[in-house]
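[1] sharing a sequence plus its predicted fold:
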Amino acid sequence: MRVDLLMNKLCLVKTRSIAKKACDKGLVQLNGHAAKASATVQVGDALEYEIYGYRTSLKITEIPTGNVSKATAMNYYQLESREKLV
């Protein structure tokens, strides 16, 4: 699944276009490298992004196949760290 689509489905960003713009600006990293919006995410990948004033790191544990509710979105990733940017 594409990085921008995954971030939108897991409710990490409000819209897919916000995720795409963040990727274009270099604010999203996949496994330690700058991620394009079209980069493919696999189970076990490390995703790090700097959006909404926070640097967030997480590990993908499952790829959703359909729509995901906000209540179940955290079942698809493991939050490793979240720190406020200064």
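    Nice, I can see it.

[2] what about the longest helix in this protein?
    Ranked by residue count under DSSP state H, the longest helix found in the chain is helix 16-24.

[3] list the buried residues of that helix.
    Neighbour-count burial for helix 16-24, counted by 16 or more other Cβ atoms under 10 Å, picks out 16, 18-23. (Each C-beta comes from the backbone N, C-alpha and C, glycine too.)

[4] a markdown table for the residues you listed, including distance to residue 35?
    Converted to a markdown table, those look like this (distance: Cβ to Cβ, whole Å):
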| residue | distance to residue 35 |
| --- | --- |
| 16 | 14 |
| 18 | 14 |
| 19 | 10 |
| 20 | 11 |
| 21 | 13 |
| 22 | 9 |
| 23 | 6 |
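
[5] start to end distance for stretch 26-36?
    With Cα to Cα, to the nearest Å as the measure, stretch 26-36 spans 8 Å from end to end.

[6] how about stretch 9-29?
    One end of stretch 9-29 sits 18 Å from the other (Cα to Cα).

[7] ditto for stretch 70-83
    Its start and end residues considered, stretch 70-83 measures 21 Å (Cα to Cα).

[8] list the contacts of that stretch.
    Contact with stretch 70-83 is made by 9-11, 46-47, 54-64, 68, as judged by Cβ atoms under 8 Å, 6 or more residues apart in numbering.

[9] rewinding a little: which one of the buried residues of helix 16-24 is nearest residue 39?
    Relative to residue 39, the closest of the buried residues of helix 16-24 is residue 23; by Cβ to Cβ it sits at 7.8 Å.

[10] tell me the SS of the residue nearest to the closest one when sequence neighbours are not counted?
    Sequence neighbours aside, residue 37 is the residue nearest to residue 23 in space, at 4.1 Å (criterion: Cβ to Cβ, 6 or more residues apart in numbering). What DSSP: H, G, I helix; E, B strand; the rest coil gives for residue 37 is coil.
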